[in-house]
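> All I have is the shape, not the residue letters:
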(Lines give C-alpha, C1' and ligand atoms only; values in the text may rest on other atoms or scores of the structure.)
Protein backbone atom coordinates (compact mmCIF):
# COMPACT_ATOMS: atom_id res chain seq x y z
CA UNK A 1 0.00 0.00 0.00
CA UNK A 2 1.58 3.37 -1.03
CA UNK A 3 2.48 5.76 1.76
CA UNK A 4 0.74 9.13 1.97
CA UNK A 5 2.85 12.17 1.25
CA UNK A 6 2.72 15.16 3.59
CA UNK A 7 0.16 17.01 1.48
CA UNK A 8 -2.20 14.04 1.38
CA UNK A 9 -1.72 13.45 5.11
CA UNK A 10 -2.52 17.09 5.92
CA UNK A 11 -5.60 16.96 3.69
CA UNK A 12 -6.88 13.82 5.43
CA UNK A 13 -6.24 15.40 8.82
CA UNK A 14 -8.23 18.49 7.84
CA UNK A 15 -11.09 16.36 6.52
CA UNK A 16 -11.17 14.34 9.76
CA UNK A 17 -11.13 17.50 11.88
CA UNK A 18 -13.96 18.99 9.84
CA UNK A 19 -15.95 15.75 10.20
CA UNK A 20 -15.30 15.77 13.96
CA UNK A 21 -16.33 19.42 14.36
CA UNK A 22 -19.42 19.17 12.14
CA UNK A 23 -20.60 15.96 13.78
CA UNK A 24 -20.31 17.21 17.35
CA UNK A 25 -21.92 20.53 16.45
CA UNK A 26 -24.88 18.65 14.97
CA UNK A 27 -25.18 16.44 18.07
CA UNK A 28 -25.11 19.54 20.27
CA UNK A 29 -27.92 21.14 18.25
CA UNK A 30 -30.08 18.02 17.78
CA UNK A 31 -29.59 18.02 14.00
CA UNK A 32 -29.97 14.96 11.79
CA UNK A 33 -26.71 13.07 11.21
CA UNK A 34 -25.78 11.63 7.83
CA UNK A 35 -24.23 8.17 7.47
CA UNK A 36 -20.63 9.44 7.53
CA UNK A 37 -21.30 11.29 10.78
CA UNK A 38 -23.02 8.31 12.40
CA UNK A 39 -20.12 6.09 11.32
CA UNK A 40 -17.62 8.54 12.80
CA UNK A 41 -19.34 8.30 16.19
CA UNK A 42 -20.27 4.63 16.04
CA UNK A 43 -18.34 2.51 13.50
CA UNK A 44 -19.82 -0.77 14.72
CA UNK A 45 -23.28 0.34 13.57
CA UNK A 46 -22.06 0.04 9.98
CA UNK A 47 -21.25 -3.63 10.07
CA UNK A 48 -23.42 -4.81 7.21
CA UNK A 49 -23.08 -8.59 7.31
CA UNK A 50 -21.68 -11.51 9.29
CA UNK A 51 -20.37 -14.73 7.74
CA UNK A 52 -20.84 -18.15 9.35
CA UNK A 53 -17.26 -18.24 10.63
CA UNK A 54 -17.83 -15.00 12.58
CA UNK A 55 -21.04 -16.34 14.11
CA UNK A 56 -19.25 -19.53 15.13
CA UNK A 57 -16.26 -17.60 16.56
CA UNK A 58 -18.60 -15.61 18.81
CA UNK A 59 -20.32 -18.78 19.99
CA UNK A 60 -23.72 -17.73 18.67
CA UNK A 61 -26.62 -20.06 17.93
CA UNK A 62 -27.01 -21.44 14.44
CA UNK A 63 -30.43 -19.75 14.51
CA UNK A 64 -28.82 -16.33 15.00
CA UNK A 65 -29.88 -13.85 12.32
CA UNK A 66 -27.73 -10.76 11.84
CA UNK A 67 -29.66 -7.48 12.13
CA UNK A 68 -27.68 -4.63 10.53
CA UNK A 69 -28.14 -1.47 12.56
CA UNK A 70 -27.97 0.52 9.33
CA UNK A 71 -31.12 -1.27 8.13
CA UNK A 72 -32.97 -0.08 11.22
CA UNK A 73 -31.60 3.46 10.73
CA UNK A 74 -32.90 3.50 7.14
CA UNK A 75 -36.29 2.16 8.20
CA UNK A 76 -36.66 4.72 10.99
CA UNK A 77 -35.69 7.47 8.56
CA UNK A 78 -38.46 6.32 6.23
CA UNK A 79 -40.84 7.00 9.13
CA UNK A 80 -39.44 10.48 9.71
CA UNK A 81 -37.15 9.63 12.66
CA UNK A 82 -33.61 10.96 12.22
CA UNK A 83 -30.50 9.88 14.13
CA UNK A 84 -29.17 12.78 16.25
CA UNK A 85 -26.55 10.94 18.32
CA UNK A 86 -24.66 7.63 18.34
CA UNK A 87 -22.20 5.89 20.62
CA UNK A 88 -20.65 2.50 21.24
CA UNK A 89 -19.15 0.85 24.30
CA UNK A 90 -15.53 -0.17 24.46
CA UNK A 91 -15.15 -3.86 23.63
CA UNK A 92 -14.12 -5.89 26.68
CA UNK A 93 -12.39 -8.53 24.58
CA UNK A 94 -10.43 -8.30 21.36
CA UNK A 95 -12.67 -11.01 19.91
CA UNK A 96 -15.79 -8.85 20.34
CA UNK A 97 -14.27 -5.62 18.95
CA UNK A 98 -16.42 -4.57 16.01
CA UNK A 99 -19.45 -6.41 17.37
CA UNK A 100 -20.02 -4.56 20.66
CA UNK A 101 -23.08 -2.88 22.08
CA UNK A 102 -24.09 0.47 20.63
CA UNK A 103 -26.89 3.01 21.01
CA UNK A 104 -28.39 5.47 18.53
CA UNK A 105 -30.79 8.27 19.46
CA UNK A 106 -33.57 9.40 17.12
CA UNK A 107 -35.84 12.44 17.04
CA UNK A 108 -38.74 13.44 14.80
CA UNK A 109 -39.12 17.05 13.60
CA UNK A 110 -42.87 16.91 14.24
CA UNK A 111 -42.43 16.04 17.91
CA UNK A 112 -40.47 18.97 19.32
CA UNK A 113 -42.12 20.32 22.48
CA UNK A 114 -42.36 24.07 21.91
CA UNK A 115 -43.47 26.26 24.78
CA UNK A 116 -45.00 29.69 25.26
CA UNK A 117 -43.51 32.24 27.68
CA UNK A 118 -45.83 35.23 28.16
CA UNK A 119 -47.50 34.27 24.90
CA UNK A 120 -44.23 34.25 22.97
CA UNK A 121 -42.99 30.97 21.39
CA UNK A 122 -39.62 29.77 22.67
CA UNK A 123 -37.43 26.89 21.43
CA UNK A 124 -38.17 23.39 22.62
CA UNK A 125 -36.57 22.29 25.88
CA UNK A 126 -37.93 18.71 25.89
CA UNK A 127 -37.58 16.30 22.97
CA UNK A 128 -39.41 12.97 22.64
CA UNK A 129 -36.86 10.39 21.50
CA UNK A 130 -36.45 6.80 20.40
CA UNK A 131 -33.39 4.99 21.74
CA UNK A 132 -32.05 2.08 19.68
CA UNK A 133 -29.63 -0.37 21.28
CA UNK A 134 -28.08 -3.31 19.47
CA UNK A 135 -25.01 -5.52 19.42
CA UNK A 136 -23.60 -8.11 17.05
CA UNK A 137 -21.98 -10.39 19.63
CA UNK A 138 -25.16 -11.97 20.98
CA UNK A 139 -24.94 -10.02 24.22
CA UNK A 140 -27.80 -7.64 23.53
CA UNK A 141 -31.10 -7.91 21.71
CA UNK A 142 -32.09 -5.21 19.25
CA UNK A 143 -34.20 -2.92 21.44
CA UNK A 144 -36.14 0.31 21.00
CA UNK A 145 -37.13 2.45 23.98
CA UNK A 146 -39.00 5.74 24.28
CA UNK A 147 -37.65 8.70 26.19
CA UNK A 148 -37.89 12.44 26.71
CA UNK A 149 -34.65 14.41 26.49
CA UNK A 150 -34.26 17.59 28.52
CA UNK A 151 -32.07 20.15 26.79
CA UNK A 152 -31.23 22.18 29.92
CA UNK A 153 -29.18 19.46 31.60
CA UNK A 154 -28.39 17.24 28.59
CA UNK A 155 -30.01 14.31 30.38
CA UNK A 156 -33.14 12.38 29.63
CA UNK A 157 -36.16 10.81 31.23
CA UNK A 158 -36.41 7.29 29.84
CA UNK A 159 -39.92 5.91 29.98
CA UNK A 160 -40.58 2.72 31.88
CA UNK A 161 -40.72 -0.15 29.40
CA UNK A 162 -44.01 -1.55 30.70
CA UNK A 163 -45.66 1.76 29.81
CA UNK A 164 -44.23 2.03 26.33
CA UNK A 165 -43.65 -1.55 25.24
CA UNK A 166 -39.94 -1.83 24.44
CA UNK A 167 -39.34 -3.59 21.15
CA UNK A 168 -36.97 -6.34 22.14
CA UNK A 169 -36.40 -8.37 19.00
CA UNK A 170 -34.01 -11.27 19.39
CA UNK A 171 -31.66 -11.96 16.51
CA UNK A 172 -33.76 -14.54 14.74
CA UNK A 173 -35.09 -12.36 11.95
CA UNK A 174 -35.74 -8.66 11.51
CA UNK A 175 -39.25 -7.43 10.78
CA UNK A 176 -39.92 -3.94 9.46
CA UNK A 177 -43.62 -4.39 10.20
CA UNK A 178 -42.88 -5.08 13.89
CA UNK A 179 -40.68 -1.99 14.17
CA UNK A 180 -43.20 0.13 12.27
CA UNK A 181 -45.98 -0.97 14.64
CA UNK A 182 -43.84 -0.21 17.65
CA UNK A 183 -42.90 3.26 16.38
CA UNK A 184 -46.56 3.94 15.62
CA UNK A 185 -47.46 2.91 19.18
CA UNK A 186 -44.70 5.14 20.56
CA UNK A 187 -45.85 8.19 18.65
CA UNK A 188 -49.43 7.58 19.75
CA UNK A 189 -48.21 7.62 23.35
CA UNK A 190 -46.11 10.79 23.10
CA UNK A 191 -49.01 12.92 24.33
CA UNK A 192 -49.41 10.58 27.30
CA UNK A 193 -45.71 10.87 28.07
CA UNK A 194 -45.85 14.64 27.96
CA UNK A 195 -48.92 14.60 30.20
CA UNK A 196 -46.86 12.68 32.76
CA UNK A 197 -44.15 15.32 32.55
CA UNK A 198 -46.82 18.01 32.99
CA UNK A 199 -48.13 16.18 36.08
CA UNK A 200 -44.59 16.09 37.47
CA UNK A 201 -44.23 19.83 36.85
CA UNK A 202 -47.37 20.65 38.83
CA UNK A 203 -46.61 18.32 41.76
CA UNK A 204 -45.03 19.92 44.82
CA UNK A 205 -43.13 17.75 47.30
CA UNK A 206 -42.65 18.12 51.02
CA UNK A 207 -39.15 18.00 52.50
CA UNK A 208 -39.83 14.46 53.73
CA UNK A 209 -40.97 13.37 50.25
CA UNK A 210 -37.82 14.84 48.66
CA UNK A 211 -35.62 12.95 51.11
CA UNK A 212 -37.56 9.72 50.56
CA UNK A 213 -37.28 10.12 46.76
CA UNK A 214 -33.51 10.72 46.99
CA UNK A 215 -33.11 7.64 49.19
CA UNK A 216 -34.96 5.47 46.68
CA UNK A 217 -32.78 6.93 43.94
CA UNK A 218 -29.59 6.17 45.87
CA UNK A 219 -30.67 2.55 46.22
CA UNK A 220 -30.63 2.28 42.41
CA UNK A 221 -26.85 2.79 42.54
CA UNK A 222 -26.14 0.99 45.80
CA UNK A 223 -27.75 -2.39 45.28
CA UNK A 224 -27.15 -4.60 48.26
CA UNK A 225 -29.21 -6.51 50.79
CA UNK A 226 -27.35 -4.45 53.40
CA UNK A 227 -28.95 -1.18 52.26
CA UNK A 228 -32.52 0.05 52.57
CA UNK A 229 -34.34 3.35 52.95
CA UNK A 230 -33.67 3.22 56.67
CA UNK A 231 -29.87 3.15 56.46
CA UNK A 232 -28.87 4.36 52.96
CA UNK A 233 -28.40 7.91 54.33
CA UNK A 234 -25.60 6.52 56.53
CA UNK A 235 -23.68 5.69 53.33
CA UNK A 236 -24.77 8.25 50.71
CA UNK A 237 -24.91 12.03 51.09
CA UNK A 238 -28.63 12.42 50.42
CA UNK A 239 -28.49 16.23 50.61
CA UNK A 240 -25.80 16.20 47.92
CA UNK A 241 -28.07 14.17 45.63
CA UNK A 242 -30.73 16.87 45.81
CA UNK A 243 -28.45 19.90 45.39
CA UNK A 244 -29.29 22.20 42.46
CA UNK A 245 -26.57 23.19 39.98
CA UNK A 246 -28.69 25.63 37.94
CA UNK A 247 -31.49 28.16 38.61
CA UNK A 248 -34.00 26.22 36.49
CA UNK A 249 -33.92 23.31 38.94
CA UNK A 250 -34.41 25.24 42.19
CA UNK A 251 -37.60 24.44 44.09
CA UNK A 252 -39.63 21.61 45.57
CA UNK A 253 -41.51 20.71 42.38
CA UNK A 254 -41.27 17.02 41.46
CA UNK A 255 -39.94 17.85 37.97
CA UNK A 256 -37.15 20.01 39.43
CA UNK A 257 -36.34 17.49 42.17
CA UNK A 258 -36.36 14.62 39.67
CA UNK A 259 -33.91 16.39 37.37
CA UNK A 260 -31.58 17.37 40.23
CA UNK A 261 -31.46 13.84 41.60
CA UNK A 262 -31.25 12.24 38.17
CA UNK A 263 -28.34 14.40 37.08
CA UNK A 264 -26.45 13.81 40.34
CA UNK A 265 -27.10 10.08 40.21
CA UNK A 266 -26.03 9.66 36.57
CA UNK A 267 -23.02 12.01 36.70
CA UNK A 268 -21.75 10.89 40.10
CA UNK A 269 -22.30 14.30 41.71
CA UNK A 270 -22.58 12.98 45.25
CA UNK A 271 -20.38 11.52 47.99
CA UNK A 272 -20.59 8.18 49.76
CA UNK A 273 -18.72 6.52 52.62
CA UNK A 274 -16.42 3.54 52.51
CA UNK A 275 -15.56 2.86 56.11
CA UNK A 276 -14.53 6.23 57.52
CA UNK A 277 -13.47 7.61 54.12
CA UNK A 278 -15.65 9.74 51.86
CA UNK A 279 -15.51 9.12 48.11
CA UNK A 280 -17.07 10.90 45.14
CA UNK A 281 -19.64 8.98 43.14
CA UNK A 282 -18.80 7.58 39.72
CA UNK A 283 -20.43 8.72 36.51
CA UNK A 284 -22.50 6.04 34.77
CA UNK A 285 -20.71 5.68 31.44
CA UNK A 286 -22.41 2.46 30.35
CA UNK A 287 -25.48 3.55 28.40
CA UNK A 288 -27.41 0.34 29.17
CA UNK A 289 -27.03 0.98 32.89
CA UNK A 290 -27.91 4.64 32.25
CA UNK A 291 -31.18 3.63 30.55
CA UNK A 292 -32.01 1.07 33.26
CA UNK A 293 -31.46 3.57 36.10
CA UNK A 294 -33.46 6.24 34.27
CA UNK A 295 -36.40 3.91 33.70
CA UNK A 296 -36.54 2.92 37.36
CA UNK A 297 -36.15 6.51 38.53
CA UNK A 298 -38.95 7.71 36.24
CA UNK A 299 -41.18 4.94 37.60
CA UNK A 300 -40.59 6.21 41.16
CA UNK A 301 -41.29 9.80 40.06
CA UNK A 302 -44.49 8.92 38.21
CA UNK A 303 -45.89 7.35 41.37
CA UNK A 304 -45.50 10.72 43.12
CA UNK A 305 -47.02 12.78 40.29
CA UNK A 306 -50.39 14.39 40.91
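All right, it came through fine. Since this is a predicted model, take the numbers as computed values, not measurements.

> Point out where the stretch 101-250 of the chain drops to low pLDDT.
Using pLDDT under 70 as the threshold, the predicted model of the stretch 101-250 of the chain has low-confidence ranges 112-125, 138-140, 149-174, 189.

> do that again at 90, thanks
101-103, 108-202, 221-231, 233-235, 239-240, 243-250 (pLDDT under 90).

> list the helices and strands the helix or strand where residue 256 lies packs on?
Residue 256 is part of helix 254-267, with elements assigned from DSSP states H and E. Helices and strands in packing contact with helix 254-267 are listed as strand 155-158, helix 176-202, helix 207-221, helix 238-241, helix 287-304; criterion 3 or more C-beta pairs under 8 Å, 6 or more residues apart in numbering; DSSP states H and E. To be clear about C-beta, it is placed using only N, CA and C from the backbone, and glycine gets the same treatment.

> Beyond that helix, next helix or strand please.
Scanning onward from helix 254-267 (DSSP H and E), the first element met is strand 271-274.

> What residues sit buried inside that following strand?
residue 272 (16 or more other C-beta atoms under 10 Å).

> which outside residues touch it?
Surrounding strand 271-274, the residues in contact under the criterion C-beta atoms under 8 Å, 6 or more residues apart in numbering are 222, 234, 235, 236, 237, 240, 278, 279, 280, 281.

> Give me the buried subset of those.
235, 236, 237, 281.

> Now tabulate these in a markdown table and tack on secondary structure and distance to residue 245.
Output for these, formatted as a markdown table (DSSP: H, G, I helix; E, B strand; the rest coil; distance: C-beta to C-beta, whole Å):
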| residue | secondary structure | distance to residue 245 |
| --- | --- | --- |
| 235 | coil | 22 |
| 236 | strand | 18 |
| 237 | coil | 15 |
| 281 | coil | 14 |
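
> okay, the residues you listed in TSV with distance to residue 211 next?
What follows is these, written out as TSV (distance: C-beta to C-beta, whole Å):
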residue	distance to residue 211
235	15
236	12
237	12
281	18
